[in-house]
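Chemist: Any chance you can model this:
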Amino acid sequence: MDRITVREDAVIGRAGARDLAGNLFIPPMATVPRPAMVIVHGGGWARGSPRGVRGFGEHLSRLGFVCLCPSYRLSGEAHWPAQIEDVKCAIRYLKANCDALGVDPARVGVTGDSAGGHLALMAAATSDFEGAGGHARCSSEVKAVGSMYGPTRARRNNASGKPIGLLHREAGDRDHDRASPICHDLADFPPCLLIHGAEDPAVPLADTVDLYSKLYGLGRAVELHVFAGQGHAFDRRSATQEGMVDVADPSSVYGQTVLRLIEHFFSKYL
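Modeler: From the prediction side, this is the model:
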């Protein structure tokens with residue numbers, strides 16, 4: 001089997017005063033142009049890196065998707081909306097470089113886990129928050145979107161009552177609504193995949209169910225997969241190791257199942 005090509009720390013735009021980097025996973029040469037995906041890491045908007053979603057990029061690129069796992073400014077560096085601006089810049093990068101990467105610019109999707117799922121949903125839900133990261137001649141519109149246990153509402157505090165810190169302390173209700181995918185006009189929302197653990201203590205399942213219900217009521221294409229008895233980041237839970245593992249790690253209890261769901265969904269809609 002031919003190997004994928006990995007380009008680590010590729011400069012994909014600007015993040016404020018510095019370069020915005022990302023990891024590219026390019027399939028073996030085959031039929032072009034190909035579909036592409038931006039895969040956004042989680043970490044509560046305050047931590048994490050593209051390494052956290054490497055397994056997604058490697059798996060999906062072997063199936064023919066050009067994958068970009070971008071970095072983005074974390075909340076300790078810049079408050080909202082810097083995070084979504086950087087994700088949208090990553091989407092535009094793929095389209096701006098479609099010829100060099102063999103990408104069909106009309107077949108670009110976005111997905112992410114946890115905070116990355118929130119950012120993926122926001123990228124699909126909004127036409128603003130574009131920022132000044134580059135590639136302004138290209139649209140950040142996506143053809144399909146996926147979220148794994150991503151927040152659908154921007155809240156001031158998490159389930160344990162601790163401040164989340166995504167928005168400024170002075171941010172009002174309207175600011176939080178604008179940062180909440182479910183609060184936007186979703187009449188033209190692209191096909192959407194939602195994956196969640198039923199016992200998630202960090203991101204309420206009810207919020208994801210509410211988004212599913214809203215999209216379904218609007219006649220949008222939407223799938224919801226709920227894993228009974230599972231908590232947050234359940235696809236990283238290992239059968240043999242302590243702590244989290246990469247989703248593609250053979251010891252991950254649900255990793256392969258989640259990867260197959262993503263594979264089937266984006267193969268259908270991109």
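
Chemist: in the lowest-mean-pLDDT helix or strand in the chain, what's buried?
Modeler: Between all helices and strands in the chain, the lowest mean by mean pLDDT, DSSP states H and E belongs to helix 173-178, at a mean of 87. Buried residues in helix 173-178, counting neighbours by 16 or more other CB atoms under 10 Å, are found at His176, Arg178. No exception for glycine: its C-beta is placed from N, CA and C like everyone else's.

Chemist: residues in contact with it?
Modeler: Trp80, Arg153, Ala154, Arg155, Arg156, Leu167, His168, Cys183 (CB atoms under 8 Å, 6 or more residues apart in numbering).

Chemist: ok, now stretch 41-50?
Modeler: Applying CB under 8 Å, 6+ apart, the contact partners of stretch 41-50 are 22-23, 51-53, 69-71, 74-76, 83, 112-118, 150, 164-166, 233.

Chemist: Kindly format the C-alpha coordinates of the helix or strand that comes right after the least confident helix or strand of the chain as PDB.
Modeler: Counting by DSSP states H and E, the element after helix 173-178 in chain order, helix or strand, is strand 192-197. Presented in PDB, the C-alpha positions along strand 192-197 are these (Å, rounded to 0.1, in the frame of the first residue of the first chain):
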ATOM      1  CA  CYS A 192     -24.200  17.200  10.100                       C
ATOM      2  CA  LEU A 193     -22.900  14.300  12.100                       C
ATOM      3  CA  LEU A 194     -23.200  14.400  15.900                       C
ATOM      4  CA  ILE A 195     -21.500  11.900  18.200                       C
ATOM      5  CA  HIS A 196     -21.900  12.000  22.000                       C
ATOM      6  CA  GLY A 197     -21.600   9.900  25.100                       C
END
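
Chemist: any idea of the mean pLDDT in strand 192-197?
Modeler: Taken as a whole, strand 192-197 carries a mean pLDDT of 98.

Chemist: Can you give the strand pairings for it, parallel or anti for each?
Modeler: In the sheet, strand 192-197 lines up against strand 144-148 (parallel), strand 222-227 (parallel) (DSSP bridges).

Chemist: Starting from that strand, tell me the next helix or strand along the chain.
Modeler: Past strand 192-197, further along toward the C-terminus, the next helix or strand under DSSP H and E is helix 205-217.

Chemist: what sits up against that following helix?
Modeler: Helix 205-217 is contacted by residues 121, 147, 149-153, 181-182, 186, 189, 192, 194, 196-199, 222, 224, 226 when judged by CB under 8 Å, 6+ apart.

Chemist: which of those residues are buried?
Modeler: Buried subset of these (neighbour count, 16+ other CB under 10 Å): 121, 147, 149-153, 181-182, 186, 189, 192, 194, 196-197, 222, 224.

Chemist: just checking, Ile262 touches Gly112?
Modeler: No - contact criterion CB atoms under 8 Å: Ile262 and Gly112 do not qualify, at 10.8 Å.

Chemist: what sits in contact with each of the two?
Modeler: Counting by CB under 8 Å, 6+ apart, the shared contacts of Ile262 and Gly112 are Gly146.

Chemist: the more surrounded of these two?
Modeler: Shown here are Ile262 and Gly112; by other CB atoms under 10 Å, Gly112 has more neighbours (30 against 25).

Chemist: That one and Thr5, how far apart?
Modeler: Going from Gly112 to Thr5 by CB to CB, to the nearest Å gives 23 Å.

Chemist: hang on, His59 is in a helix, isn't it?
Modeler: Yes - assessed with DSSP: H, G, I helix; E, B strand; the rest coil, His59 lies in a helix.
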